[in-house]
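Participant: Predicted coordinates and the sequence they were generated for:
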Amino acid sequence: MTTTTLAVLVPLLPFLGAAAGLLLGRTAPGFVRPVAVLPTLAAFVLAVLVAARQGGGRAVDSATELTPTGSVPIELALHIDGFAALVAVLVGLVASCVQIYSTGYLRDDPRYPSYAALVSLFTSAMLLVVYSGDLIVLLVGWEVMGICSYFLVGHYWETPEARAASIKAFLVTKLGDVPFLIGLFALGTDAGSFRITKILDTVAGGGLHHPTLIALLLLAGVAGKSAQFPLHTWLPDAMAGPTPVSALIHAATMVAAGIYFIARLLPVFQASSAAMVVLAVMAAVTMAGSGFAALAQDDIKRVLAYSTIGQLGYMTGALAVGERGAAVFHLLSHGAFKALLFLAAGVIIHAAGTNSLAAMSRMKGLRARVPDAYWTMTVALLALAAIPPFAGFFSKESVLGAAEHVATGHAEHAPGAAGWIVLLVGLFTALLTASYATRLWLLAFRGHGAEAPDHGRQPLVMNAVLWVLALPSLAFGLTYGVLPDWFDSRDLTPTLITSVLGTGLALVGGLVTYGAWRHTTALAGRVPLGAVAAHPEADAGLVEAEAIASHEPAYGAVAYADDPADPGRLLLGPLHRHAAVGFHLDAVYDALFVRPVRAGASLVRFLDREVVETYVRGAGALPRLLGAAVRRAQTGNVQTYVSALLAGTVVLAVAALLVATGA
């Protein structure tokens, strides 16, 4: 079987699994779990085979033209280089782990068949994006992921949080997709083709007429899909969905699509220095802002959500300095340990007996109850904090090293300003990352909240998946020596300066957070114990009141919890309340967009009811009045008709006589 045939089967198998799952969900429920797991697992195995055959060498290209369009052709094309081969392996691995994990996590969920089918469709769409060699075909997978995220985030549609989160995710990402679509058309028009290889050839020959405009339009779609400032606000709220969905979205699909798209078309963005600087600024604001926000969250999944936003900022920063190898290296590394973090959080949530929320301020005694989650999450947090020798250290240092390389003038493929922005903010974010990772570990496993009831031991498949993902979280970074051959990029070996600075700042962040936790824990012993946990209903009322007053979404408002043992409150000081709600960006959007749209809708409704309908009612009233007048004359009495006829005749005769006399 040829490599092209194997590559076609990789996205096709999960798609067929999704179709079969929807058909068998009610007629043959016993086949739902095998149909969910086996096609995705087979796609993962085939992706590994495709990667082994591609071997980081010459790209695999194949294309067939679809129905002629009469202008720019659309082709069903494959383009599999080292980037695509390895990203597809990541997607297959994480999706397989999520499907296996979900058989235990959602074993009692009546809507599991539709859930599993949507996860398979989600996986198929991402694999289509990864392997596609034509931008219009890529767009199909891009948009299918958007609708899948809408349904999966809103899986618990009985709750208002899930309904609101699914709509928000759909609308915010669509807000970015509109300029993204325009940018794709402009790019295809300039290049005369939507084929990625032909577009890159056009860029190399200086054939793009509007590189800055095209790059900025495409960046809008990337910002929405990959949750970058200012279109990142949907991702923390999306935590209202099932935890395995969060793992899939954050680790291997949806948010990874935007980063991968820029990596594949990086020369398009490099054609405009202004676009590269904008990309660097977007990455810097995203990294720093998400770090502060993560340090203020109380729900464990929202901490991880803001963490994902920050790590995506690192990838965007690597792309801003023209190093797509470092960006994809961090994408692969992050995919492993972030999937592990979310699935471990799912074990914690499952142990607490809830669907999606887990307030860390109310956790106690979890280390003994979920030992597998404890040890594997510790590994993943160390990788997140970029502590050597865990995977995150090598991939994050490759980003910082690339930024330092550009900032010091040793590279000309990106503006020096972009290098300095990414380097300085990236180092500061390393400190914040270690700080919130340490805080999460302390509050989740050494917290002093009210102990939740024990809901029994978690299914074996859930714990087994954690250990599978722990291996790449620990050891994947050691592949930095061979990845340049796959990525055709510079050496990814950590540099001395950024390694010392990054690791040193990470250690400082962790130690300071630990010291703040010790201080606040001691302080908590002198305040009424359980000020929050003992009165959750009072805190919930305060939360709702504050959320309404500030126009913030109710979901995640638990971050306002005034936990005296929270080191984040001490470290952030007066900034804590603002960071907890994402610096009120939702309130800004509400003021700038939501309220004006609602006001406009109210005006249109008023004009429709009071003006347009008035004319419509008037147009109908006049014939009714005339009809009523004529109807009164229709009495049915013959004598009346004859009398009226005679009276009319007399009137006409008199009128004629007067006219004749006057003449």
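Facilitator: Thanks, I have it.
Participant: Can you show me the helices along the stretch 501-650 of the chain?
Facilitator: For the stretch 501-650 of the chain, the helices defined by DSSP state H, counting those that start in this stretch occupy 536-550, 567-572, 576-580, 585-589, 595-606, 613-633, 638-662.
Participant: Go through the fourth one and flag the buried ones.
Facilitator: Meaning helix 585-589. Applying a neighbour-count criterion of 16 or more other C-beta atoms under 10 Å, one finds 585, 586, 587, 589 buried in helix 585-589. C-beta here means a position set from N, CA and C on the backbone, and glycine is covered the same way.
Participant: Could you export those as a markdown table, including pLDDT and distance to residue 662?
Facilitator: Putting the buried residues of helix 585-589 into a markdown table (pLDDT from 0 to 100; distance: C-beta to C-beta, whole Å) gives the following:
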| residue | pLDDT | distance to residue 662 |
| --- | --- | --- |
| 585 | 92 | 86 |
| 586 | 91 | 84 |
| 587 | 92 | 82 |
| 589 | 90 | 80 |
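Participant: picking that back up, show me the one of the helices of the stretch 501-650 of the chain that comes nearest residue 46.
Facilitator: Smallest distance to residue 46 across the helices of the stretch 501-650 of the chain (C-beta to C-beta): 41.5 Å, for helix 585-589.
Participant: Which elements pack onto the closest one?
Facilitator: With contacts defined as 3 or more C-beta pairs under 8 Å, 6 or more residues apart in numbering; DSSP states H and E, helix 585-589 has no packing partner among the helices and strands.
Participant: Now find how far off-centre it is within its chain.
Facilitator: Relative to its parent chain, helix 585-589 has a centroid offset of 18 Å by C-alpha atoms, centre = their mean, to the nearest Å.
Participant: Likewise for stretch 83-94?
Facilitator: Centre-to-centre, stretch 83-94 and its host chain are 18 Å apart (C-alpha atoms, centre = their mean).
Participant: nearest spatial neighbour of residue 170, skipping sequence neighbours?
Facilitator: Nearest non-adjacent residue to residue 170, counting by C-beta to C-beta, 6 or more residues apart in numbering: residue 150, 4.4 Å away.
Participant: any idea how far the one you found lies from residue 488?
Facilitator: According to C-beta to C-beta, to the nearest Å, residue 150 stands 36 Å off from residue 488.
Participant: higher neighbour count, these two?
Facilitator: Applying other C-beta atoms under 10 Å to residue 150 and residue 488 shows that residue 150 carries more neighbours, namely 20 against 13.
Participant: quick one: the more buried one is in a strand?
Facilitator: No: per DSSP: H, G, I helix; E, B strand; the rest coil, residue 150 lies outside any strand segment and is helix.
Participant: got the contact list for it?
Facilitator: Counting by C-beta atoms under 8 Å, 6 or more residues apart in numbering, residue 150 makes contact with 166, 167, 169, 170.
Participant: and the helices of the stretch 501-650 of the chain, which one is worst for confidence?
Facilitator: Per-stretch mean pLDDT for the helices of the stretch 501-650 of the chain is lowest at helix 536-550 (a mean of 37).
Participant: Now do stretch 374-394, average pLDDT.
Facilitator: Regarding stretch 374-394, the rounded mean pLDDT is 96.
Participant: What is the burial count for residue 79?
Facilitator: Per other C-beta under 10 Å, the neighbour tally for residue 79 reads 23.
Participant: How about the secondary structure of the closest residue to residue 406 other than its chain neighbours?
Facilitator: For residue 406, ignoring the flanking residues on the chain, the nearest one in space by C-beta to C-beta, 6+ apart is residue 419 at 3.1 Å. With three-state DSSP as the basis, residue 419 sits in helix.
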